[in-house]
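# Curious how this folds, go ahead:
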Amino acid sequence: MLLGAIVLISGLLATILFYAGFRRSSPAAAPAFIRYFGTVAVLALVAYFVGSAVGIYVACDSPGSGNLCGIWGALGVGPVLSGIALWSYGFWWRRRLAR
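This next block holds a predicted model:
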């Protein structure tokens, strides 16, 4: 679960740093602030909910799982998937602007 927090925080910081780098290197080609961070917010939420659902399903699937099995999805898999999505979106824009 600590990994989930680390990946999510690093993804958030990377998103901000990527945007600052885009603005500094090529301000005309960089995405608009609202477009970039609006997409980031939607992407992060969708990835979090999908990751949480998958994590909860896997952790709570066995009959012997306890009543706290959902924590693995909400605090583990969800934040990890969300952080990976944020990193991927930043790298996608970086590659797109490099062309």
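
# pLDDT of the longest helix belonging to the chain, averaged?
Ordering each helix of the chain by length in residues (DSSP state H) puts helix 33-59 first. Helix 33-59 carries an average pLDDT of 95.

# Determine how far that helix lies from the middle of the whole chain.
Between the centre of helix 33-59 and the centre of its chain there are 6 Å (C-alpha atoms, centre = their mean, to the nearest Å).

# quick one: contacts of stretch 3-12?
Residues from elsewhere that reach stretch 3-12 (C-beta atoms under 8 Å, 6 or more residues apart in numbering): 44, 75-80, 82-87. Placement of C-beta: from N, CA and C, glycine included.

# Okay, buried residues for that stretch please.
Neighbour counts over stretch 3-12 (16 or more other C-beta atoms under 10 Å) mark Gly4, Val7, Leu8, Gly11, Leu12 as buried.

# Now name the helix or strand holding the fourth one.
If I follow you right, that is Gly11. In the assignment (DSSP states H and E), Gly11 maps to helix 2-25.

# sorry, back to before: next secondary structure after the longest helix of the chain?
From helix 33-59, the next helix or strand downstream (DSSP H and E) is helix 71-72.

# helices and strands around that following helix, which ones?
Judged by 3 or more C-beta pairs under 8 Å, 6 or more residues apart in numbering; DSSP states H and E, helix 71-72 is in contact with helix 33-59.

# Now tabulate the buried residues of stretch 3-12 in CSV and tack on pLDDT and distance to Asp61.
Below are the buried residues of stretch 3-12 laid out as CSV (pLDDT from 0 to 100; distance: C-beta to C-beta, whole Å):
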residue, pLDDT, distance to Asp61
Gly4, 91, 19
Val7, 96, 23
Leu8, 94, 24
Gly11, 96, 27
Leu12, 95, 30
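
# Which of the residues you listed sits closest to Arg23?
The closest of the buried residues of stretch 3-12 to Arg23 turns out to be Leu12 (C-beta to C-beta; 17.4 Å).

# Relative to Pro79, how far out is that closest one?
From Leu12 across to Pro79, the span is 10 Å (C-beta to C-beta, to the nearest Å).

# Report the buried residues of the longest helix of the chain.
For helix 33-59, by 16+ other C-beta under 10 Å, it's Tyr36, Val40, Leu43, Ala44, Ala47, Tyr48, Gly51, Ser52, Gly55, Ile56, Ala59.
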